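Chemist: Starting from these lines, generate the structure:
(one chain, ligands or ions: 1)
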Amino acid sequence: MPRPRFPLTLALLPLLTATAGADDNKLDSRETGDRAIAARRVLFKHCRECHGDAATGRLTVVDHGKLVDPGPVPVAFASRKKDSPRSQVVEFMKDGSMPPGGRERPSEADIKAVEDWIAAAAPGYPKAFDDPTTLAAILDDYERPEQSKARPNLRYVSLTELADRPDAAEAIAQAQLKLQKALAPHLAGGKKLQLTPVDETATLFRLDVSQFGWDAPDLFQRWSADNKAAGVFRMVPFDLIHLEQPNPPAVPANLAERTTDALRRMNAHRRDDALGQLRAAAFVRGEWLADALLTKDGKPTPLADDLKSLVQLAAVLPKADSLPDDKRLTGPAYPPRSADTKPTPGASPFGTFTAGDAASDAAPFAVTAEFLIDGKPVREVEQSTMFVLRVKSGRAGRVTLLRNEPEFGFVEFVPLAADQTRLTADAAVNLTSRTNPDGFAVDTLPREAMSGVVNYALFVTAGDRAPTVIQSKHKYNPVWRVVPGGDDPAGVVRLVLPLTVLREKGPKK
Ligand code: HEC
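Modeler: Predicted coordinates:
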């Protein structure tokens with residue numbers, strides 16, 4: 001695998017240092033972690049069959065605690081003490097007595113990996129690199145008394161999913177570097193990035209979001225169906241990341257109570273909601289996060305731009321909750337988006353608008369939609385020409401239609417005819433405007449433009465709770481997001497339907 005092409009910046013932790021010949025007393029967390037991951041791989045491959053959960057003799061390799069502390073044994077299996085280099089595990093592999101019989105021998109490199117691990121004082125590794133194990137490690141860390149002060153701002157980022165790959169060391173080093181590169185530009189002035197490993201394999205990191213200003217409350221308001229601001233919506237900038245992360249980790253039943261408690265405290269500022277975080281997720285997948293903040297060419301993504309502008313907004317909004325809304329809206333204009341992040345058709349601000357989209361979770365049920373004129377599907381319409389939106393849903397549910405004109409930035413509810421807001425399963429419906437039974441028309445085009453794009457975003461919510469639309473308090477170009485309503489965020493399907501609008505050519509038909 002090629003080394004990452006980007007240069008190591010001074011602010012980043014030293015990474016990718018060659019392990020061969022490194023002084024074992026001066027290993028950094030990445031090197032120590034790599035040794036734990038490599039030794040685990042060897043022991044699981046060659047020894048787990050007999051020294052697994054149902055351990056043969058006193059040795060088990062799946063429980064690191066028992067492996068390094070098995071009770072009285074003549075020679076330590078793997079000692080955590082630096083001054084006790086003998087290891088029966090290594091000796092038995094070397095003299096060929098283990099694994100027994102005609103089994104595949106561990107290679108020299110395998111044995112060396114276990115020796116290197118013991119030379120680094122046999123750092124710990126988990127039984128499995130899966131979500132429940134990761135979650136348990138997070139909860140142990142989060143509940144430690146010394147975290148009490150920082151708790152509302154602590155979040156966790158995981159690279160554990162890379163640890164089972166054959167090229168784990170390389171993959172994790174690259175992912176960690178990219179993650180640091182993606183996060184570093186968000187640091188508040190002069191700070192050094194604190195991405196602290198909480199486990200000995202150094203694949204799970206604690207992140208204090210206040211170092212980025214991602215803990216600022218009260219930056220968002222609800223947007224009502226009559227297209228007006230309707231009260232504070234309590235979320236912090238970091239919640240945008242949770243909103244956009246696909247496939248958030250599931251919580252196993254045995255950890256449900258502790259997880260709920262932790263998630264509540266993760267947003268102590270959101271006083272009015274039962275659960276602290278939006279689309280609560282116990283951790284963020286690090287590879288996804290790096291990609292969500294930084295494009296392949298190393299440029300900030302729209303999500304990264306949104307986070308930055310929210311931090312700027314927080315700096316100018318008066319902190320006091322008591323000020324009237326209009327006063328709080330007098331902050332400076334949202335910085336204009338750079339040319340690179342100019343909205344393109346389909347990549348609209350419904351995002352769940354901008355980057356990812358919870359839509360990258362598999363759709364929980366099928367919804368199809370198309371624009372029709374005179375019963376024929378169209379992808380472009382002339383300005384002021386009427387069209388309808390035909391929708392069919394695999395489940396009965398509630399329909400919400402929003403639209404956004406990327407050139408102007410705003411988002412608005414499209415009022416639907418009253419009998420169209422609820423869909424019956426598998427029955428096609430032609431959606432039309434509440435004020436015009438013939439359908440919809442687009443009148444606005446930027447001055448001089450010959451064409452423009454309007455994005456329609458269709459949300460179908462199984463059950464009866466419409467999604468909540470929220471808008472940041474920026475005076476111009478606010479940040480928008482759509483938050484699934486109801487208890488079942490997976491019960492929402494959203495489709496973003498770009499429609500090209502052409503300037504009227506002749507007299508209106
Ligand atoms: C096919 C099954 C099998 C495999 C695979 C195997 N072992 Fe064993 N191992 C045994 C048996 C059987 C014993 C004897 C247990 C006893 O004395 O009760 C044993 C004992 C041991 C002991 C001594 C345990 C004690 O209680 O003192 C060590 C250390 C050991 N094995 C290391 C290894 C290592 C390291 C590997 C992998 C490289 C390995 N074994 C793979 C079957 C296996």
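Chemist: Give me the pLDDT for A457.
Modeler: With respect to pLDDT, A457 has a value of 85.
Chemist: what do you get for P415?
Modeler: 92.
Chemist: how close does it get to the ligand?
Modeler: 69 Å (C-beta to the nearest ligand atom, to the nearest Å). Placement of C-beta: from N, CA and C, glycine included.
Chemist: Count the residues that sit near that residue.
Modeler: 14 (other C-beta atoms under 10 Å).
Chemist: and what of the one 4 residues further on?
Modeler: Residues near D419, counting by other C-beta under 10 Å, number 7.
Chemist: Any buried residues in stretch 424-439, and which?
Modeler: Neighbour-count burial for stretch 424-439 flags V429, L431, T432, S433, G439 (criterion: 16 or more other C-beta atoms under 10 Å).
Chemist: hey, where'd the helices end up in the stretch 401-509 of the chain?
Modeler: Ranges of helices in the stretch 401-509 of the chain, per DSSP state H, counting those that start in this stretch: none exist.
Chemist: Now do the phi/psi pair for R379.
Modeler: In terms of degrees, to the nearest 10, the main-chain angles of R379 are phi -120, psi -10.
Chemist: about what we covered before: would a markdown table of the buried residues of stretch 424-439 with distance to the ligand and pLDDT be doable?
Modeler: Converted to a markdown table, the buried residues of stretch 424-439 look like this (distance: C-beta to the nearest ligand atom, whole Å; pLDDT from 0 to 100):
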| residue | distance to the ligand | pLDDT |
| --- | --- | --- |
| V429 | 63 | 94 |
| L431 | 64 | 96 |
| T432 | 70 | 95 |
| S433 | 71 | 94 |
| G439 | 71 | 95 |
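Chemist: Now these in CSV, please, with extra columns for distance to V316.
Modeler: Converted to CSV, those look like this (distance: C-beta to C-beta, whole Å):
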residue, distance to V316
V429, 45
L431, 40
T432, 42
S433, 38
G439, 42
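Chemist: In strands, which of those fall?
Modeler: In this view, these that belong to strands under DSSP state E are V429, L431.
Chemist: between the buried residues of stretch 424-439, which is closest to E146?
Modeler: E146 lies nearest to L431 out of the buried residues of stretch 424-439, by C-beta to C-beta, at 55.2 Å.
Chemist: Which of the buried residues of stretch 424-439 sits closest to P415?
Modeler: Looking across those and measuring by C-beta to C-beta, the closest to P415 is S433, at 6.6 Å.
Chemist: Return the set of residues that bridge with the closest one.
Modeler: Under DSSP bridges, the beta-bridge partners of S433 are L416.
Chemist: Contact partners for it?
Modeler: Shown in contact with S433 (C-beta atoms under 8 Å, 6 or more residues apart in numbering): V414, P415, L416, A417, G439, F440.
Chemist: returning to what we had before: would you point out the most distant pair within the buried residues of stretch 424-439?
Modeler: Maximum distance among the buried residues of stretch 424-439 (C-beta to C-beta): 13.6 Å, for V429 and S433.
Chemist: Identify the farthest-apart pair in the contacts of S433.
Modeler: Those two in the contacts of S433 that are separated most widely, counting by C-beta to C-beta, are P415 and G439, at 12.8 Å.
Chemist: Residues touching stretch 90-109, excluding its own?
Modeler: With contact meaning C-beta under 8 Å, 6+ apart, stretch 90-109 is reached by 42, 45-47, 49-50, 75, 78, 89, 110-111, 114-115, 118.
Chemist: pretty sure Y156 belongs to a helix, no?
Modeler: No. The assignment for Y156, made by DSSP: H, G, I helix; E, B strand; the rest coil, is strand rather than a helix.
Chemist: surely it meets P197?
Modeler: No. The criterion here is C-beta atoms under 8 Å, and Y156 misses it with P197 at 10.8 Å.
Chemist: So for the top helix by length along the chain, what gets flagged as buried?
Modeler: As assigned by DSSP state H, the longest helix anywhere in the chain is helix 29-51. Neighbour-count burial for helix 29-51 flags 29-44, 46-47, 50-51 (criterion: 16+ other C-beta under 10 Å).
Chemist: for the record, mean pLDDT for that helix?
Modeler: Averaged over helix 29-51, pLDDT sits at 96.
Chemist: Point out the residues in the stretch 1-150 of the chain that sit beside the ligand.
Modeler: Within the stretch 1-150 of the chain, the positions near the ligand by C-beta under 6 Å from any ligand atom are 46-47, 49-51, 56-59, 73, 77, 88-89, 92-93, 98-100, 103, 106.
Chemist: Give me the buried subset of those residues.
Modeler: Buried among these (16+ other C-beta under 10 Å): 46-47, 50-51, 59, 77, 88-89, 92-93, 98-99, 106.
Chemist: Distance to A366 for the residues you listed - can I get that in JSON lines?
Modeler: Output for these, formatted as JSON lines (distance: C-beta to C-beta, whole Å):
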{"residue": "H46", "distance to A366": "47"}
{"residue": "C47", "distance to A366": "48"}
{"residue": "C50", "distance to A366": "49"}
{"residue": "H51", "distance to A366": "48"}
{"residue": "L59", "distance to A366": "52"}
{"residue": "F77", "distance to A366": "55"}
{"residue": "Q88", "distance to A366": "59"}
{"residue": "V89", "distance to A366": "54"}
{"residue": "F92", "distance to A366": "57"}
{"residue": "M93", "distance to A366": "54"}
{"residue": "M98", "distance to A366": "54"}
{"residue": "P99", "distance to A366": "51"}
{"residue": "P106", "distance to A366": "50"}
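Chemist: Which helix or strand lies directly C-terminal to the helix or strand of the chain with the lowest mean pLDDT?
Modeler: The least trusted helix or strand in the chain, going by mean pLDDT, DSSP states H and E, turns out to be helix 325-328, with a mean of 51. The first helix or strand that comes after helix 325-328 along the chain, using DSSP states H and E, is strand 367-373.
Chemist: Any stretches of this protein with poor pLDDT?
Modeler: In the predicted model, the chain carries pLDDT under 70 at residues 1-25, 84, 267-280, 318-362, 406-409, 446, 476, 484-490, 506-509.
Chemist: What separates the first and last residues of stretch 419-428, distance-wise?
Modeler: 13 Å (C-alpha to C-alpha, to the nearest Å).
Chemist: Contacts made by stretch 203-213 with the rest, please.
Modeler: Contacts of stretch 203-213 (C-beta under 8 Å, 6+ apart): 33, 37, 129, 134, 137-138, 141, 150, 153-160, 162-163, 172, 183, 186-188, 191, 193-198, 215, 236-238, 283, 286, 307, 311, 314-315.
Chemist: quick one: the helices in the stretch 1-150 of the chain?
Modeler: Counting by DSSP H, counting those that start in this stretch, the helices of the stretch 1-150 of the chain are 29-51, 64-68, 88-94, 108-119, 131-142.
Chemist: how near is the residue nearest in space to the middle of the chain to the ligand?
Modeler: In the chain, the centroid-proximal residue (C-alpha atoms, centre = their mean) is Q245; its distance is 3.2 Å. Applying C-beta to the nearest ligand atom, the value for Q245 to the ligand is 39 Å.
Chemist: Would you mind giving both backbone torsions of that residue?
Modeler: Main-chain torsions, Q245, degrees, to the nearest 10: phi -70, psi 120.
Chemist: can I assume it is in contact with G286?
Modeler: No. Assessed by C-beta under 8 Å, Q245 is found out of contact with G286, at 11.0 Å.
Chemist: Tell me what V460 is bridged to.
Modeler: Here V460 sits in beta bridges with V399, V493, going by DSSP bridges.
Chemist: Might you report the residue contacts of it?
Modeler: Shown in contact with V460 (C-beta under 8 Å, 6+ apart): V367, V391, S393, R395, G397, R398, V399, T400, L423, V492, V493, R494.
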